[in-house]
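Student: the amino acid sequence is not available; the structure is as follows:
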């Protein structure tokens, strides 16, 4: 199962991460719905809006567990799908299958 246990992400965080990250202790989730309504749950996770190692305040937001899991799951599924597409291209036949002619 992917996650922190198989990741070097924690090692790539800056030494002053605790000062950079938003204090999620009292924050409300910053996720919004399609009609721009803000989530009412308490934030418990700090999320990077854009993937990568940009730890600037502009790229960080506080999220509740549900929204963070939803976003992380979608990113994980997209990464897995991209990997599967790359692998399947390597094994794809160059010629047309006789049954499809």
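Tutor: Cool, the structure landed. All values derive from a computational prediction rather than experimental measurement.
Student: any idea which residue is closest to the centre of the protein?
Tutor: Among the residues of the chain, the one closest to the centroid is residue 72, at 3.6 Å (C-alpha atoms, centre = their mean).
Student: quick check: pLDDT value at that residue.
Tutor: We note a pLDDT of 89 for residue 72 in this prediction.
Student: for residue 62, which three-state class applies?
Tutor: strand (DSSP: H, G, I helix; E, B strand; the rest coil).
Student: how many neighbours does residue 61 have?
Tutor: 21 (other C-beta atoms under 10 Å). To be clear about C-beta, it is placed using only N, CA and C from the backbone, and glycine gets the same treatment.
Student: that one touches residue 45, doesn't it?
Tutor: No: applying C-beta atoms under 8 Å as the test, residue 61 and residue 45 come out as separate, 9.4 Å apart.
Student: picking that back up, go ahead and list the helix or strand containing the residue nearest to the centre of the chain.
Tutor: helix 65-91 (DSSP states H and E).
Student: distance between that helix and the chain's centre?
Tutor: 9 Å (C-alpha atoms, centre = their mean, to the nearest Å).
Student: who are the packing partners of it?
Tutor: strand 45-48 (3 or more C-beta pairs under 8 Å, 6 or more residues apart in numbering; DSSP states H and E).
Student: who's in contact with residue 62?
Tutor: Each residue near residue 62 by C-beta atoms under 8 Å, 6 or more residues apart in numbering is listed here: 22, 24, 27, 28, 29, 30, 43, 45, 46, 47.
Student: in this structure, what secondary structure element scores lowest on mean pLDDT?
Tutor: When each helix and strand of the chain is scored by mean pLDDT, DSSP states H and E, helix 17-20 comes last, with a mean of 71.
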